[in-house]
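Student: My questions concern the predicted model and sequence given below.
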Amino acid sequence: MDLNAEERYSRQILLSEIGKEGQKKLADAKVLIVGVGGLGSPIALYLAGAGVGTIGVVDDDVVSVTNLHRQVLYDEHQIGQSKAICACERLQNMNSSITVCAYQERLSAENARRLISEYDIVVDGTDNFAVRYIISDTCKLLGKTYVYGAICGLEGQVAVLNKGKATYRTLFPNETETMAMPHPGKQVVGVTPAVVGSVEASQVLQLICGYGNPLIDKLWTIDLNTLQSFVIDL
Amino acid sequence: MEITVNNNKVITKAKNLEELALELNLPKKGVAIAVEKKMVPNMEWTTTPIKEGVSIIIIKAVCGG
């Protein structure tokens, strides 16, 4: 279906923060989403909807029934299928005017440089400390921006790293100690990654279009039990 | 003295962040502390004094996605 871009994006072009100029920047932007699970689902959907011109999705996992309460990219018929492929199809069905690339692999020290070098911004949808250290170190090496996000239960946090001076190692300096921490468990309600992933997507839009005050060298935290929220200088 | 920890009033005898972490029984790993909304690295906890009325924020390390 050939849809007129100005009509498709008209509601966000009306915003002075975006406008036609911002829409052009979005079309030219290349964003890599590492992990298309709970966080990655809203990140991918909102960035594709907004018209980010090139989106890469990295995930080696397959859809499982325990994913469906929060990973809103997927449906029951896709259980057992590749998340990267399913996500790619969903995003292309939503917006055929953008390019979506699926990488059915786990981001590692071996492939990080190859995957990240093609993109401007890396967005965090991963679920462990180890991959976050690899993303941050590779982004620093290649001069890319890393939009960090993480959740646990009803809590979450977001930061823009590798754009100013702060990296993931500013947040968690001692990698050995961080990696030795016991796994916090898999308990989570779907709205936690919905809120936190949406804030990550919002940060990406701000960085691409250049509006507002993105969380460069700052950490935002949210507790959905109380809605207590902080912004801290890193 | 009275301080605030995550917006809650707390009475403490701690003289520095290290003592406060012990007093609050914070885990030894996976916790960051901000003083007046500025993150203080773990290695500076013993040299960061606690002053009356200071605002402390405790942040847990999270890794889910």
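Tutor: Cool, got the structure.

Student: Phi, psi for residue 64 please.
Tutor: In the absence of a named chain, this looks at chain A. phi -130, psi 160 (degrees, to the nearest 10).

Student: where's it relative to A:I79, distance?
Tutor: As judged by CB to CB, to the nearest Å, A:S64 and A:I79 stand 6 Å apart. Placement of C-beta: from N, CA and C, glycine included.

Student: how far away is the most centrally placed residue in chain A from A:N174?
Tutor: Centroid-nearest residue in chain A, with CA atoms, centre = their mean: A:V123, separated by 3.4 Å. Shown here: A:V123 relative to A:N174, a distance of 25 Å by CB to CB.

Student: cool, and A:V34?
Tutor: From A:V34 over to A:N174 the distance is 23 Å, taken as CB to CB.

Student: Give me the more crowded residue out of those two.
Tutor: Taking neighbours as other CB atoms under 10 Å in any protein chain shown, A:V34 and A:N174 compare with A:V34 leading, 28 against 13.

Student: hey, what's the most centrally placed residue in chain B bridged with?
Tutor: Residue closest to the average C-alpha location in chain B (CA atoms, centre = their mean): B:I33, at 4.5 Å. Judged by DSSP bridges, the bridge partners of B:I33 are B:V40, B:I58.

Student: ok, it touching B:W45?
Tutor: Yes. Contact between B:I33 and B:W45 holds when scored by CB atoms under 8 Å: they sit 6.9 Å apart.

Student: tell me, what's touching the two both at once?
Tutor: Taking CB atoms under 8 Å, 6 or more residues apart in numbering or on different chains as the contact criterion, the common neighbours of B:I33 and B:W45 are B:17, B:21.

Student: Get me the contact residues on chain A for chain B.
Tutor: Counting by CB under 8 Å from any CB of the partner chain, the positions of chain A adjacent to chain B are A:35, A:37-40, A:124-129, A:132, A:149-152, A:155-157, A:170-174, A:177-178, A:180-181, A:184, A:186, A:188, A:193, A:219, A:221, A:228, A:230-234.

Student: Give me the secondary structure label for the closest residue to A:A180 other than its chain neighbours.
Tutor: Spatial nearest neighbour of A:A180, excluding adjacent residues (CB to CB, 6 or more residues apart in numbering or on different chains): B:K29 at 6.9 Å. In three-state terms, and counting by DSSP: H, G, I helix; E, B strand; the rest coil, B:K29 is coil.

Student: Just the strands from the chain, written as ranges.
Tutor: Defaulting to chain A. In chain A, the strands defined using DSSP state E lie at A:30-34, A:54-58, A:99-103, A:121-124, A:145-152, A:155-161, A:218-223, A:228-233.

Student: nope, chain B
Tutor: Counting by DSSP E, one finds strands in chain B at the ranges B:2-5, B:8-11, B:31-35, B:38-40, B:55-60.

Student: ok, and which of those strands has the densest surroundings?
Tutor: The densest packing among these, expressed as mean neighbour count by mean count of other CB atoms under 10 Å in any protein chain shown, is seen in strand B:31-35 with a mean of 20.

Student: what's the offset of that strand from the middle of its chain?
Tutor: A distance of 5 Å separates the C-alpha centroid of strand B:31-35 from that of its chain, computed with CA atoms, centre = their mean, to the nearest Å.

Student: Can you spell out which helices and strands pack onto it?
Tutor: Secondary-structure packing of strand B:31-35 (3 or more CB pairs under 8 Å, 6 or more residues apart in numbering or on different chains; DSSP states H and E): strand A:228-233, helix B:17-23, strand B:38-40, strand B:55-60.

Student: mind redoing it with 6 Å?
Tutor: strand B:55-60 (3 or more CB pairs under 6 Å, 6 or more residues apart in numbering or on different chains; DSSP states H and E).
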